[in-house]
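Asks: Quick one, what's the 3D model for this:
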Amino acid sequence: MPKFFVRWVVSSAAIAIVAWLLPGIRAGTGTTGAITVVVAAAVLGLLNTFVKPLLKVLSCPLILLTLGLFLFIINAALLMATAAVSRAFGYPLEVDGWGSALLGSILISIVTWMLSLFVPDGDDKE
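Replies: I've put the predicted structure just below:
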């Protein structure tokens, strides 16, 4: 399986788990909820690939001044942007505010890391 597909599935699962755990983030239920999670994972992946590096460069002084803690704010902003973009596609990922976005982005990172420990990504050469 291609590496990006595995990461997409892991990210989708992480968003679904966090939406289930955290009351401030909702992805819907049933088939619509599953599609919402997949769309949100794709949008978040694209934003992390193309927008996050730009934000990191532009906010480098703040990142250094806060000893890296400003990266949490960038991640929360990208989660809020993901909710807005997925809403524009008709699959609303609902994030209640900055507090939910901050906690949600931290939890998504942790859950993604934990799930990636159990899923091979194709880098292992035998």
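
Asks: how close does the spatially most central residue of the chain sit to Lys52?
Replies: Nearest residue to the geometric centre of the chain (C-alpha atoms, centre = their mean): Leu44, 5.0 Å. The spacing between Leu44 and Lys52, counted by C-beta to C-beta, to the nearest Å, is 10 Å. All C-beta spots, glycine's among them, are computed from the backbone N, C-alpha and C.

Asks: shared neighbours of those two, anything?
Replies: Common contact partners of Leu44 and Lys52 (C-beta atoms under 8 Å, 6 or more residues apart in numbering): Leu78.

Asks: can you give me the strands in this protein?
Replies: In the chain, the strands defined using DSSP state E lie at 25-26, 94-95.

Asks: circling back: looking at it, the residue nearest to the centre of the chain is touching Leu78, isn't it?
Replies: Yes. Counting by C-beta atoms under 8 Å, Leu44 touches Leu78, with 6.8 Å between them.

Asks: burial count for Thr112?
Replies: Thr112: 20 surrounding residues under other C-beta atoms under 10 Å.

Asks: Need the pLDDT of the nearest residue in space to it that is not next to it in sequence.
Replies: Nearest residue to Thr112 in three dimensions, chain neighbours excluded: Ala14, at 4.3 Å (C-beta to C-beta, 6 or more residues apart in numbering). We note a pLDDT of 97 for Ala14 in this prediction.

Asks: hey, where'd the helices end up in this protein?
Replies: Here the chain has its helices, by DSSP state H, at 3-21, 30-50, 52-58, 60-65, 70-88, 98-118.

Asks: related to what we said a few turns ago, in JSON lines: the strands of the chain, plus mean neighbour count and mean pLDDT.
Replies: What follows is those, written out as JSON lines (neighbours: other C-beta atoms under 10 Å; pLDDT from 0 to 100):
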{"stretch": "strand 25-26", "mean neighbour count": "21", "mean pLDDT": "96"}
{"stretch": "strand 94-95", "mean neighbour count": "20", "mean pLDDT": "96"}
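
Asks: Pipe those into TSV and attach distance to Ser105 per row.
Replies: Converted to TSV, the strands of the chain look like this (distance: least, C-beta to C-beta, whole Å):
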stretch	distance to Ser105
strand 25-26	10
strand 94-95	9
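
Asks: Many thanks, I have nothing further to ask.
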